[in-house]
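Enquirer: any chance you could fold what I've pasted below:
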Amino acid sequence: MNPKLKWVNDVYLSDKKISGVLPKAVNRGDGMSFVWIGIGVNINCMPETNIEVTSLKQELNQFEDIPVLPFAHKLSENIINNFDAL
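Expert: Prediction:
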């Protein structure tokens, strides 16, 4: 797999959108600012009408659904372990 980033927040695989990242800046008013980062991944959806969207299930040619919770756990673990490199 060779994922590519498309400005500003989309992740493409096989020239189709598979994921998106949505940052939201928050200022609490007490001088503390931070950014919430939301990540959406198409795991098991099988797009039928939109040829510009894909899923992990489709890209891996799997017939069975990919277990969502273990995937989310592994994704979170990888982000945390590689945060400094991001």
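Enquirer: mind giving me the packing neighbours of the helix or strand harbouring residue 72?
Expert: Per DSSP states H and E: residue 72 is located in helix 68-81. Helices and strands touching helix 68-81, by 3 or more CB pairs under 8 Å, 6 or more residues apart in numbering; DSSP states H and E, are strand 33-41. For glycine as for every other residue, the C-beta is placed from the backbone atoms N, C-alpha and C.
Enquirer: what residues does the strand it packs on touch?
Expert: Residues from elsewhere that reach strand 33-41 (CB atoms under 8 Å, 6 or more residues apart in numbering): 18-27, 56, 71, 75, 79.
Enquirer: which among those residues count as buried?
Expert: 18-19, 56 (16 or more other CB atoms under 10 Å).
Enquirer: for the residues you listed, which one is nearest residue 83?
Expert: residue 19 (17.4 Å; CB to CB).
Enquirer: leaving out sequence neighbours, find the closest residue to the closest one.
Expert: residue 11 (3.8 Å; CB to CB, 6 or more residues apart in numbering).
Enquirer: contact partners for the one you found?
Expert: 3-5, 17-21.
Enquirer: residue 15: neighbour count?
Expert: 10 (other CB atoms under 10 Å).
Enquirer: scratch that, residue 70
Expert: Applying other CB under 10 Å, I find that residue 70 has 9 neighbouring residues.
Enquirer: now the angle from the top strand by length along the chain to helix 68-81?
Expert: Under DSSP state E, the strand in the chain containing the largest number of residues is strand 16-27. With axes from the mean of the first three to the mean of the last three CA atoms, to 10 degrees defining the directions, strand 16-27 sits at 60 degrees from helix 68-81.
Enquirer: report the secondary structure state of the residue of the chain most remote from its centre.
Expert: What lies farthest from the middle of the chain is residue 30; by CA atoms, centre = their mean that is 31.5 Å. Counting by DSSP: H, G, I helix; E, B strand; the rest coil, the backbone at residue 30 sits in coil.
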